[in-house]
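> Quick one: sequence plus predicted model below, questions after.
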Amino acid sequence: QVQLVESGGGLVQAGGSLRLSCAASGRTFSGNAMGWFRQAPGKEREFVAAINWSGVITSYADSVKGRFTISRENAKNMVYLQMNALKPEDTAVYYCNADQSPSRVAAGRGLWPWGQGTQVTVSS
């Protein structure tokens, strides 16, 4: 059973930065694209960013383009989300998951069971 564990969230002022991490226990990310998603209170989970297996191809939601950067370290089985210039509207629980390609990641179904997520709160 794959378990996804997200970490790195916290409380930050608007304009600040955070770096989220995602690790998978039970298997490796081998061959899979990975992505980040978020869910704000009262809203559905939405796509944030995706990266292919090699790390060459990335995609982002329009709302985070130019501010967030997704990366991965396959040797460590880790995926990261660097978040800069944070805004109050970025406040949400952030999740990671996998799929076969960045476009499939963006569809949001997720290849593995969703983890607990990590809370990001941006104060104004």
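Structure's in. What do you need?
> which parts of the helix or strand that contains Val93 are buried?
Using DSSP states H and E, Val93 sits within strand 92-99. Using 16 or more other C-beta atoms under 10 Å as the test for burial, strand 92-99 gives Ala92, Val93, Tyr94, Tyr95, Cys96, Asn97, Ala98, Asp99. Using the backbone N, CA and C atoms, a C-beta is placed for each residue, glycine as well.
> could I get those as a markdown table with pLDDT and distance to Met83?
Shown next, in a markdown table, are the buried residues of strand 92-99 (pLDDT from 0 to 100; distance: C-beta to C-beta, whole Å):
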| residue | pLDDT | distance to Met83 |
| --- | --- | --- |
| Ala92 | 98 | 11 |
| Val93 | 98 | 14 |
| Tyr94 | 98 | 9 |
| Tyr95 | 98 | 14 |
| Cys96 | 96 | 13 |
| Asn97 | 95 | 18 |
| Ala98 | 93 | 20 |
| Asp99 | 91 | 22 |
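> and which of these is nearest Val122?
Proximity of the buried residues of strand 92-99 to Val122 (C-beta to C-beta) peaks at Ala92, which lies at 9.3 Å.
> packing partners for the strand holding Val93?
strand 3-7, strand 18-25, strand 33-39, strand 78-83, helix 102-107, strand 118-123 (3 or more C-beta pairs under 8 Å, 6 or more residues apart in numbering; DSSP states H and E).
> so which of those is the most packed in?
Most buried of those, by mean neighbour count (mean count of other C-beta atoms under 10 Å): strand 33-39, with a mean of 25.
> now that one, how far from the centre of its chain.
4 Å (C-alpha atoms, centre = their mean, to the nearest Å).
> Please name the strands paired to that strand in the sheet, noting orientation.
Using DSSP bridges, the strands paired with strand 33-39 in its sheet are strand 46-51 (antiparallel), strand 92-99 (antiparallel).
> would you turn those strands into TSV with distance to Cys22?
Compiled in TSV, those are given as follows (distance: least, C-beta to C-beta, whole Å):
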stretch	distance to Cys22
strand 46-51	11
strand 92-99	3
